[in-house]
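1. I'd like to go over a predicted model; first the sequence, then the structure.
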Amino acid sequence: MKLPGKVTLIEVGPRDGFQLERKLIPTELKLSIINGLIDAGIRNIQVTSFVNPDLIPQMGDAEELIKLLPENKDVFFSSLVLNEKGLLRARKAGIKHVEISVSASDAHSRKNTGMSHEAAFKSARKMIEEAKSYNMRVRAGIQCAFGCAYEGSIPAGRVIAMAGEIAGSGADMIAVSDTTGMANPLSVKELLGELMPVTNNRPVVLHLHDTRGLGLANVLAGLESGITHFDTALAGMGGCPFVPGAAGNIPTEDTAYMMKSMGISTGIDIGKVAVCSLELESFFGKKFPGKIHRLYSCGREIKL
C-alpha cells in the first residue's frame, strides 16, 4: 500500500459544522474558534457561506465575520456560495477563496438551491468564470457524488462528466462530496479511479460524512486512490440541512489521529483542536459524534 507522507485537512466546521445548529453562535465565539483552529496549525478553513439567512440563520453574520478575521498570509479562508447573489456578497466582503458547489442530484439540487440540477450546473459554470474574473481562487464542488437520500444511486458517468466540465472551466480545485454519507470504500475507489484522469491535474478534495459509520474507512480508500486533501470538521460537527437524517463530517481530531498513527503528517495539534471542540460542546450543551476530542475532557495529558 503506497500512502502519502503528508496530507492537508481543510477545516469546514465553522461553515458545514455550524450551519446545522439551531442555537445561534455569537460572531465573537465563531472568531474565537477560528483563531483556536489557526493556533492548532490548521491553514485551510472554510469560515462561512453566503446563503439566504432566512433559510440558514447561522450564516447571517457572514460579512461581519469576514471583517473580523485575522490577517494571516499563511491561512486560506474560504466561503461557500450557491448562486450569483452569494458570489457578489462574497466579493464585496473581500473573501479571496470561494467554493462554488452544485449537486449531482436533481432532487437535492432543488431542495438545496431551488434550481434543477441542469440549471444549477449552468449557473455554477458561469459563476466560476465570474469568480476567476474577480481574481478569486475557486474550488468547485460536486455534491451527492456517491448517492442521494432522495434519488438513491447517482450515475457515475454524470459525476465524471461534471468533473471534466468543471476542470475545463478554470476551477483551481475540485471537491467530491459524499453529502448524504452513502459512500463505501469500494465506491470511493471506483469513482475516483474514473474521475482523477479528467481533472487536468487539479487537486481533488474528498468531502465525507459519517452518516453510516464509514467515514474513516472511506478516508483510507481516498488515500489509496491518491487523494491528499480532505475536508474535516472539529468534533464531527455538521450535515446538510436539506438531507434527512444528516450526520456530521468526518471529525478533524479523529482524522488527524488516524493520519498520525499511520505516519502521515498533517501539521495539526490535535489537543488544541479538541479544546475548541469541548468549548463548543459546552456552549451547545451536548456531545458531538467525534471520539478523539473526548479523550481530552478529563483534563490530563493524553498520549495518542
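-> Yep, it's here. Residues are numbered from 1 along each chain as shown.

2. right, and the helix or strand after the lowest-mean-pLDDT helix or strand in the chain?
-> Using mean pLDDT, DSSP states H and E, the weakest-scoring helix or strand in the chain turns out to be helix 106-113, at a mean of 87. Of the helices and strands lying after helix 106-113 in sequence (DSSP states H and E), the nearest is helix 117-133.

3. C-terminal to that next one, what's the next element?
-> strand 137-143.

4. now do the contacts for Gly168.
-> Asn200 (Cβ atoms under 8 Å, 6 or more residues apart in numbering). Every C-beta, even on glycine, is put in place using the N, C-alpha and C of the backbone.

5. gap between it and Arg212?
-> According to Cβ to Cβ, to the nearest Å, Gly168 stands 33 Å off from Arg212.

6. now Pro53
-> 31 Å.

7. looking at the two, which is more packed in?
-> In terms of neighbours (other Cβ atoms under 10 Å), Arg212 is the more surrounded of Pro53 and Arg212; the figures are 15 against 12.

8. got the contact list for the more buried one?
-> Contacts of Arg212 by Cβ under 8 Å, 6+ apart are 181-182.

9. and it, how far is that from Val7?
-> Distance from Arg212 to Val7, by Cβ to Cβ: 23 Å.

10. just the element for His207, please.
-> strand 204-208.

11. what strands flank that strand, and is each parallel or antiparallel?
-> strand 173-178 (parallel), strand 229-232 (parallel) (DSSP bridges).

12. export these to JSON lines and tack on mean pLDDT, mean neighbour count and distance to Ile34?
-> Formatted as JSON lines, those follow (pLDDT from 0 to 100; neighbours: other Cβ atoms under 10 Å; distance: least, Cβ to Cβ, whole Å):
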{"stretch": "strand 173-178", "mean pLDDT": "97", "mean neighbour count": "25", "distance to Ile34": "20"}
{"stretch": "strand 229-232", "mean pLDDT": "98", "mean neighbour count": "26", "distance to Ile34": "15"}
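
13. I'd say Cys276 and Ala233 touch.
-> No. Under the criterion of Cβ atoms under 8 Å, Cys276 is not in contact with Ala233, lying 10.9 Å apart.

14. more neighbours, the two?
-> More crowded of Cys276 and Ala233, by other Cβ under 10 Å: Ala233, with 31 against 26.

15. contacting residues around the more buried one?
-> Applying Cβ under 8 Å, 6+ apart to Ala233 gives the contacts 11-13, 16-17, 248-252.

16. between the strands paired with strand 204-208, which one is closest to Gly290.
-> The minimum distance between Gly290 and those falls on strand 229-232, with 9.5 Å, by Cβ to Cβ.

17. in PDB, list the C-alpha atoms belonging to stretch 265-277.
-> The C-alpha coordinates for stretch 265-277 follow below in PDB (Å, rounded to 0.1, in the frame of the first residue of the first chain):
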ATOM      1  CA  SER A 265       1.800  14.300   8.700                       C
ATOM      2  CA  THR A 266      -1.000  16.900   8.900                       C
ATOM      3  CA  GLY A 267       0.800  19.700  10.900                       C
ATOM      4  CA  ILE A 268      -2.100  19.700  13.300                       C
ATOM      5  CA  ASP A 269      -2.000  19.900  17.100                       C
ATOM      6  CA  ILE A 270      -4.900  17.500  17.900                       C
ATOM      7  CA  GLY A 271      -5.100  18.600  21.500                       C
ATOM      8  CA  LYS A 272      -5.600  22.300  20.600                       C
ATOM      9  CA  VAL A 273      -8.400  21.300  18.200                       C
ATOM     10  CA  ALA A 274     -10.000  19.300  21.000                       C
ATOM     11  CA  VAL A 275     -10.100  22.400  23.200                       C
ATOM     12  CA  CYS A 276     -12.200  24.100  20.600                       C
ATOM     13  CA  SER A 277     -14.500  21.100  20.300                       C
END
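
18. pLDDT (mean, whole number) over that stretch?
-> In this model, stretch 265-277 carries a mean pLDDT of 97.

19. swap in stretch 83-100?
-> Model confidence over stretch 83-100, given as mean pLDDT, is 96.

20. and Leu186, how many neighbours?
-> The number of residues near Leu186, taken as other Cβ under 10 Å, comes to 10.

21. give me the nearest residue to it, chain neighbours excluded.
-> Ala221 (7.6 Å; Cβ to Cβ, 6 or more residues apart in numbering).
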